[in-house]
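Participant: Fold the stuff below for me.
(chains A, B, C and D)
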Number of protein chains: 2
Amino acid sequence: MFRPFFEKSDIYDMDVGTLCLGALDMGDATGYEIKKMFESGLFSHFMDASFGSIYPALTKLTDEGLLTCTSQQQERRPDKKIYSITKAGREALKDKLLRPLAVDKLKSEFLFTMLFADVLPAERVAALLTNRVADLREELSHIQAERDSELTNGQEFVRRYGEAVVEASLKFIRDNRHLVENRNAMREMENMR
Amino acid sequence: MFRPFFEKSDIYDMDVGTLCLGALDMGDATGYEIKKMFESGLFSHFMDASFGSIYPALTKLTDEGLLTCTSQQQERRPDKKIYSITKAGREALKDKLLRPLAVDKLKSEFLFTMLFADVLPAERVAALLTNRVADLREELSHIQAERDSELTNGQEFVRRYGEAVVEASLKFIRDNRHLVENRNAMREMENMR
DNA sequence: AACTTCATGTAACGAGTTACATGATTAT
DNA sequence: ATAATCATGTAACTCGTTACATGAAGTT
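Facilitator: Model (predicted):
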C-alpha cells in the first residue's frame, strides 16, 4: 500500500513571500521593482503578485530576519526601500525549494472557452485564436529578448523551456485552427482519412 | 490614446460556478461527478475545484434558475442530486464565454525551482526532472486515452492542444536537462560553439 | 485492519486581489 | 488635458481550500 512520505502541509507552497525571496536572491530590489519583475522578464511567465501582497510580505520577511532593508531618501516621493536577502533568507529559500512540489496546474480560460467552440459564433472563435496567437507572439519576443543577458544555467533552462512551450503552442494553433474555425473542412478531412 | 473598451470587472472570470455550468453543458451530473471530471478527463488539464466550492456553487446556480436538480433516493447514502443545465443556464454560459479573456498565466513551482538549479544539490535537480518527466508522461497517457471517445471539434482541439504542449515539454526536458544536470558539460558546450 | 469510493454539505480559515490614500514627474 | 511611471502602504473583500460531520460498501 502506498504511504505518502510527506504530509500535505509539507508541500511547497509558492506564496508571495517565497517569490519575493527568489526575486531578491537575484539581487537587491525595491517592492516596486519586484512587481515589475513579475510583470516582465523571466519571472513573468509563471508567477504573479500584486502590490497588496508584495509589500506586506516584504515587511514580514524583514521582521523574520530573512531580509534587510535600507531606506533611500527621495525628494517628493516616498522613500525607496531597498531590500537585500540575508544569509538566513537564502537558507529559508533553499529549504523551501527542497520540499516536495505540487504538480503544476494551468488555469486556462482560453482552453475552457475553446471547449465550446462548436456552439460559439464563428467570429468569436476566430477572434479568440487570433488574439491568442498575438499574445503568444508577444510572449515569445519577450522571452527571446532575454537571450543575451547573462543567465545562470537554471535561468537559461527556464527561458528555453518557456520558449519551447510558446513555440509549440504557436505551431499547434497554426496547424489545427481549421479544426474549430472551419467546421466543414474538418468533416471533409475526417472523411478523407 | 488607448481607451479600454471594457472594464476590468467585465473580464471573464472562470469561477467555479462557470466551470460547473460548463461541465453540465456536456451532460447531467452530480456534484461528486463534476469533481471527478475536474480530476481526470479533458477538464483536468486546466481547471480544478474542491467539494467545498462545487456544492455551494451548484446550490446557488439552482437558486438562480440556471440549473435544475432532481434528487434520486439511495439506500444508506445521501440522496444523489442530479443537476441539469437549463436554457437560461446555457445562455449564461455562452454570455460568459463571449466576454474578454484574461491572458492565461501558468503558476509553475517546477519552473520557479529550476531557476535556482545552480545552487540546489545536483540530486535534487535530477529528481525534480525525473519526477517531472513521470508526471508529464502520465498526463500524456491520460490525454491520449480520451482519443477514442466522441468529441466535438472544440473538445478535440483542446485535447490535441494539451497533447502538443505535453509532448513539447517532454521533448524539451529530454534535450535540455543536461544544461542543469551536468554543469561541466554545459560549460564545455558553450566553449565549443 | 485500513483505506478508498461513494455522497453531500458547512464553517473556519487563508491567501490573495481590488480599491483606496497620497502625490510629483514625465510623456502623449 | 490625460495618462502613465514612480513609490509605498492599508483595509475591505472575495474566492477558494481545508477540515470536519456523517456513514455504508467494497477493496487490499
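
Participant: Now do the end-to-end distance for stretch A:136-153.
Facilitator: Start and end residues of stretch A:136-153 are separated by 24 Å (C-alpha to C-alpha, to the nearest Å).

Participant: and the residue of chain A found nearest DNA strand D, how many neighbours does it have?
Facilitator: Using C-beta to the nearest atom of the strand, A:Y32 is the residue of chain A that sits closest to DNA strand D, at 2.9 Å. (Each C-beta comes from the backbone N, C-alpha and C, glycine too.) Residues lying near A:Y32 (other C-beta atoms under 10 Å in any protein chain shown) number 13.

Participant: and it, what does it touch?
Facilitator: Shown in contact with A:Y32 (C-beta atoms under 8 Å, 6 or more residues apart in numbering or on different chains): A:F51.

Participant: For the helix or strand hosting it, the averaged confidence score.
Facilitator: Applying DSSP states H and E as the criterion places A:Y32 in helix A:31-39. The average pLDDT within helix A:31-39 is 96.

Participant: tell me which residues in that helix are buried?
Facilitator: Residues of helix A:31-39 classed as buried by neighbour count (16 or more other C-beta atoms under 10 Å in any protein chain shown): A:31, A:34-35, A:37-38.

Participant: How about the helix or strand hosting A:E123, which residues are buried there?
Facilitator: Per DSSP H and E, A:E123 falls inside helix A:122-145. The neighbour-count check on helix A:122-145 (16+ other C-beta under 10 Å) flags A:125, A:128-129, A:132, A:135-136, A:139-140, A:142-143 as buried.

Participant: In TSV, list the residues you listed along with pLDDT and distance to A:C20.
Facilitator: Shown next, in TSV, are the buried residues of helix A:122-145 (pLDDT from 0 to 100; distance: C-beta to C-beta, whole Å):
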residue	pLDDT	distance to A:C20
A:V125	97	40
A:L128	96	34
A:L129	98	36
A:R132	96	31
A:D135	92	26
A:L136	95	28
A:E139	92	23
A:L140	94	27
A:H142	91	22
A:I143	93	22
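
Participant: which one of these is nearest DNA strand C?
Facilitator: A:D135 (17.8 Å).

Participant: Show the contacting residues for that closest one.
Facilitator: Listed by C-beta under 8 Å, 6+ apart, the contact partners of A:D135 are B:V103.

Participant: A:L101 too?
Facilitator: Applying C-beta under 8 Å, 6+ apart to A:L101 gives the contacts A:11-12, B:109-110, B:113, B:128, B:131.

Participant: so how many other residues sit close to the closest residue to A:H45 other than its chain neighbours?
Facilitator: Distance criterion C-beta to C-beta, 6 or more residues apart in numbering or on different chains; nearest residue to A:H45, sequence neighbours excluded, is A:G162 at 4.7 Å. When neighbours are counted by other C-beta under 10 Å, A:G162 registers 24.

Participant: Would you mind confirming that A:Q155 makes contact with A:L42?
Facilitator: Yes: under the contact definition of C-beta atoms under 8 Å, A:Q155 touches A:L42, with a separation of 6.1 Å.

Participant: so what sits against both of these two?
Facilitator: Contact criterion C-beta under 8 Å, 6+ apart; residues shared by A:Q155 and A:L42: B:L115.

Participant: that older thread, how much space between the residue nearest to A:H45 and A:V103?
Facilitator: Distance, A:G162 to A:V103, by C-beta to C-beta, to the nearest Å: 18 Å.

Participant: and what of A:I54?
Facilitator: 26 Å.

Participant: which of the two has more neighbours?
Facilitator: Counted by other C-beta under 10 Å, A:I54 and A:V103 do not tie: A:I54 has more neighbours, with 21 against 13.

Participant: just checking, what packs against the host helix or strand of that one?
Facilitator: Here A:I54 sits within helix A:51-63, counting by DSSP H and E. The contact analysis (3 or more C-beta pairs under 8 Å, 6 or more residues apart in numbering or on different chains; DSSP states H and E) places helix A:51-63 against helix A:16-25, helix A:31-39, strand A:67-72, strand A:80-85.
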